[in-house]
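Peer 1: Generate coordinates for the sequence data below:
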Amino acid sequence: MRRPLFRKITIVGVGLLGGSIGMAVKRLNLSKEVCGYFRNHKKIAQAKRYGAIDTGTNRFAAAVEHSDLIILCSPVEDIKTKLGALKRLGMTKPLITDVGSTKAEIIRAAKGLNFVGSHPLAGSEQSGVSHSRPDLFKGSICIVIPDQAPRSSVRTVCRFWKTLGSRVVTLSALKHDTALAFTSHLPHAVAFTLAAVMPDHCERFAAGGLKDTTRIALSHPEVWSDILLSNRTNVLKSLDAFERSLKRLKSAVAAKNRKTLKKLLVCSRNKRRRILS
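Peer 2: Numbering: from 1, shown residues only. Just a heads-up that it's a prediction; the model follows:
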């Protein structure tokens, strides 16, 4: 049996990602104890039943006490709040990481803590521990942010995600937020907007195309309002680029310019094919 890397791991927010981390940690015997922090104490029994945690509490100080790895798995604004709480508790020694979808604001909030930012590119539009699974991270990319973190802490966090099955890539917070604005935040914004403009009387005619392109509009509104606002500058740049692209397509359609329209569609299809490879 694998020797545990940690004595106690605390997961703050045991939803889809936090629950999947807990299940994987327990399956791989990476920690002697997995503790979950919950705002709603009624969810503790459910998380235990699914095998995501060993212990749970709705008292934050008790949850992080004696932890040598704390993983923040709540929305971005709550992650920042919890980092402030950890500072007030004097938790400067334990290793802290997160799963937040934006990084610059979180890195700034973590100043003075032993913090290494993480962003596992896994999960789905579903939420809650009932959708968690221990192999969620297998084969997926996890971006680790080494900004202002001790090298030994970065190595430990990279090792942790690799053990869970992720392919680890390191990026600065700036490069992360710029890239994710186009690859994740913009697609979600477009999916939400596309779903919103659909006339009610057309909904019963929705087929695969609409369902595929709006699937991620089922994502949690609280989580995504946090993400879009916390990466506001980059999101606005990506939306500007999308508007310019949409305007080119709209102009080609309005002018009945088949040649230009076809060129735009061929270019888009070729880009999509590169994503598949």
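Peer 1: any low-confidence regions in the stretch 51-200 of the chain?
Peer 2: 125-126 (pLDDT under 70).
Peer 1: any chance you could map the helices in it?
Peer 2: In the stretch 51-200 of the chain, the segments counted as helices under DSSP state H, counting those that start in this stretch are 60-64, 76-88, 104-109, 151-163, 173-180, 186-197.
Peer 1: Buried residues in the first one, which are they?
Peer 2: Which is helix 60-64. Neighbour counts using 16 or more other C-beta atoms under 10 Å place Phe60, Ala63, Val64 of helix 60-64 among the buried residues. The way it works is simple: take the backbone N, C-alpha and C, and place the C-beta from them, glycine included.
Peer 1: could you measure the first one against Ser67, distance?
Peer 2: Translated: Phe60. 11 Å (C-beta to C-beta, to the nearest Å).
Peer 1: Quick check, central residue of the chain?
Peer 2: By C-alpha atoms, centre = their mean, the chain has its centre lying nearest to Ser101, at 4.3 Å.
Peer 1: Was I right to think that residue contacts His119?
Peer 2: Yes. In this structure, Ser101 is within contact of His119 by C-beta atoms under 8 Å, at 6.2 Å.
Peer 1: Spit out the residues that contact the two alike.
Peer 2: Overlap of the contact sets of Ser101 and His119 (by C-beta atoms under 8 Å, 6 or more residues apart in numbering) consists of Leu180.
Peer 1: re earlier: which of the helices of the stretch 51-200 of the chain sits closest to Ser219?
Peer 2: Closest approach to Ser219 among the helices of the stretch 51-200 of the chain is made by helix 186-197 (6.3 Å; C-beta to C-beta).
Peer 1: tell me what the closest one is packed against?
Peer 2: helix 208-214, helix 221-230, helix 232-254 (3 or more C-beta pairs under 8 Å, 6 or more residues apart in numbering; DSSP states H and E).
Peer 1: So which bits of it are buried?
Peer 2: Of the residues in helix 186-197, Leu186, His188, Ala189, Val190, Ala191, Phe192, Ala195 count as buried by neighbour count, 16+ other C-beta under 10 Å.
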